[in-house]
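S.K.: I would like to see how this sequence folds:
(2 chains)
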Amino acid sequence: MLRLSVFKRWQGFKLRAQLEAPTPGVVALFGRSGCGKTTVINIISGLLQPDEGRVELDKVVLTDTRERIRIPAERRRIGYVFQDARLFPHLGVLANLRYGLRRAPRESRAIGLDEVLALLGLEPLLRHRPYQLSGGERQRVALGRALLSQPRLLLLDEPLAALDAARREEVLPYLERLRDSLAIPMVFVSHQLEEVLRLATHVALMEAGEIVASGALSDISLRPELRAIVGSEAVGAVLDGEVTRLDVAGGMADVQLGGGVLHVSLQDARVGARIRVQLLARDIILATEQPRGLSVRNTLQGVILEFADDVGNAVLVKVDIGSGAAVLARVTRRAMQDLALHSGLPVWVLVKAVSARGHAFAAVDRHRPTPDLTT
Amino acid sequence: MLHSLTPAELDALRLSLVIALRSVAFSLPLAVLVGYLLARSRFPGTLALDALVHLPLVLPPVAVGYLLLVGLDSRSAAGSWLQAHFGVELPFTEGGATLATAVMTFPLLVRAIRLALDSVDRGLEAAARTLGAGPLDRFVSITLPLMLPGILAGLLTAFAAGLGQFGAVITFAANVPGVTRTLPLALYTAIQEPGGEAAAMRLAVLSIALGLVGLVLAELLARRVYRLLGR
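M.R.: As a prediction, this is how the structure comes out:
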């Protein structure tokens, strides 16, 4: 468990953050630029000291201003992958990788050089010097260097922000692979919803120096606070489901979500795999009677839970679809009145489009489909 | 060309090189320390230290030599202490010439080191920290190697300036042939002597040649180091 409760006044900016996140797991600190995300991970790493507060990782107190505990960054064993990689320019790739390894306590060695080379595809880069690497390669070396320092926690500060879309794909699959094959907890900073959807198991939403909401991604995706960060078009439930049936020829799969089943367009999955899907609020239609004769293929049954104000004259309706899962639907105020929508009302949920957004995290599931990593 | 020099000229050349080399070698560790203090620490005496270090740049060299003479003369407290404990006598000796040269070139060295330190990306030091490197470890494994081009540039500048030191050396260490008579002092002596024009010209040409060789070597070295650092 990572526990954090800190206050810091810094360069005319106030940070007040509280967070509890399970370990191992991947926590995304999500928010717009300048809201204090990097400050939070700098405090976790020990590179920055909070004015007041406490940081605790797996029952080890790293910082406690009241008890005057302040473990220096170099003894925390917390890996840090910076936005700009920060490879040491006077050392080759191999020496960069070994830098942390040589300084890690021998008895805590859990991952070796060979394993990291294989995991991150670094073998061909070993003889290079940092300036000869592409942005994506640099980040992979930085990732390997951090992993080899045998960290108890890995911090990633927008590791993909400095890369263009193509380069991102040079790194993102490796991050997914890391998450699934190693039990190292991670906290990563992002302002890209896409990265969060692909990597995170847990999300902390940040706004103006405060963590405004945190929890499992599926819960956070239903929070109205998210709208301010991702924009109203990207609001929608993120659900982790399981593939129950495959239609390989049609490239479709049945995915069990809550109490129902959705047909999702999906390449290279297998039965039993956990799949993460996003149902955008704007792509969902509610009906008070069972609809017939529609082209929409996906229909779930649910019960209205609550309403939240949306932009303009729209309302976000939260609908329970069984087994603790819920979706958000955007309807106009007018439609809400005409249909007499109220909480507790049974409805049919029509899904116009489903996008599979990466794979759901399951630490024990090693059989999930891995992306093609040969580059 | 070297074999066409007279023994006295060869002596002056050798002395110049040895004194300049020793002066930078001895002042380097102290210059790194002072440069580090000036660039990185915020203790109250920084300003005073900064002024003290740079004083030789703005004082007349003769004044520096004179102050050294007053402070380190065998009759002074420091001078007699040095003589009693280490048997070291500085005024009018080669050691004295080295010290005077070191004091005069120290600000050049400190300035270069300070600039080199300012150019080191502190983010890299932070990265080293997260990888488990403590303060001294970080300095040796990251900061110092990254400062290397700047340190080398400073060393070469200080060495080159050391070859030409005159006022402070002649005041503190006098003009003793074979002991403290370096190239500039030999040149000065030749000018003073009637009919010494030819000798003076030879020494001037020698000084120019030495300077040119130094500049070319410095440039070659800098290129090599930059390539090593991958810039």
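S.K.: how long is stretch A:177-196 end to end?
M.R.: Its start and end residues considered, stretch A:177-196 measures 15 Å (C-alpha to C-alpha, to the nearest Å).
S.K.: who touches the helix or strand harbouring A:Glu195?
M.R.: A:Glu195 is part of helix A:193-199, with elements assigned from DSSP states H and E. Contacts with helix A:193-199, where a contact means C-beta atoms under 8 Å, 6 or more residues apart in numbering or on different chains, come from A:26, A:28, A:30, A:160, A:172, A:175-176, A:179, A:188, A:190, A:203, A:217, A:230, A:234, A:238, A:276, A:278, A:357-358. C-beta here means a position set from N, CA and C on the backbone, and glycine is covered the same way.
S.K.: does any part of the helix or strand hosting A:Arg145 sit near chain B?
M.R.: Per DSSP H and E: A:Arg145 is located in helix A:135-148. Yes - Helix A:135-148 lies in contact with chain B when judged by C-beta under 8 Å from any C-beta of the partner chain; the contacting residues are A:Arg145, A:Ala146.
S.K.: just checking, what packs against that helix?
M.R.: For helix A:135-148, the packing partners by 3 or more C-beta pairs under 8 Å, 6 or more residues apart in numbering or on different chains; DSSP states H and E come out as strand A:78-81, helix A:93-103, helix A:113-120, strand A:153-157, helix A:165-181.
S.K.: would you map the helices across chain B?
M.R.: Secondary structure of chain B (DSSP state H): helices located at B:7-40, B:46-58, B:61-72, B:77-86, B:94-118, B:122-130, B:135-138, B:144-163, B:167-173, B:183-192, B:197-228.
S.K.: dump those helices to CSV, plus mean neighbour count, distance to chain A and mean pLDDT.
M.R.: Formatted as CSV, the entries for the helices of chain B read as follows, by neighbours: other C-beta atoms under 10 Å in any protein chain shown; distance: least, C-beta to the nearest C-beta, whole Å; pLDDT from 0 to 100:
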stretch, mean neighbour count, distance to chain A, mean pLDDT
helix B:7-40, 19, 16, 92
helix B:46-58, 14, 23, 90
helix B:61-72, 18, 37, 92
helix B:77-86, 12, 39, 82
helix B:94-118, 24, 13, 93
helix B:122-130, 20, 4, 95
helix B:135-138, 14, 8, 94
helix B:144-163, 21, 5, 89
helix B:167-173, 26, 37, 92
helix B:183-192, 20, 37, 92
helix B:197-228, 14, 7, 85
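S.K.: quick check: residues of the stretch 201-350 of chain A near chain B?
M.R.: With C-beta under 8 Å from any C-beta as the criterion, the stretch 201-350 of chain A does not come near chain B at any residue.
S.K.: so where's the stretch 201-350 of chain A uncertain?
M.R.: In the prediction, the stretch 201-350 of chain A carries residues with pLDDT under 70 at positions A:268.
S.K.: and the residue nearest to B:Glu89 when sequence neighbours are not counted, how far is that from B:Thr98?
M.R.: Of all residues beyond its chain neighbours, the one nearest B:Glu89 is B:Gln83 (5.8 Å), with distances taken as C-beta to C-beta, 6 or more residues apart in numbering or on different chains. Counting by C-beta to C-beta, to the nearest Å, the separation of B:Gln83 from B:Thr98 is 17 Å.
S.K.: ok, now A:Leu262?
M.R.: Relative to B:Thr98, A:Leu262 is positioned 85 Å away (criterion: C-beta to C-beta).
S.K.: helix, strand or coil for A:Val349?
M.R.: Secondary structure assignment for A:Val349 (DSSP: H, G, I helix; E, B strand; the rest coil): strand.
S.K.: quickly list what it is bridged to.
M.R.: When assigned by DSSP bridges, A:Val349 has beta-bridge partners A:Leu286, A:Leu300.
S.K.: that one contacts A:Leu328, doesn't it?
M.R.: No - at 10.2 Å, A:Val349 does not count as touching A:Leu328 under the criterion of C-beta atoms under 8 Å.
S.K.: that older thread, out of the contacts of helix A:193-199, which are inside strands?
M.R.: Mapping the contacts of helix A:193-199 onto strands (DSSP state E) picks out A:Val26, A:Ala28, A:Phe30, A:Phe188, A:Ser190, A:Val203, A:Val238, A:Arg276, A:Gln278, A:Arg357, A:Gly358.
S.K.: all good on my end, thank you.
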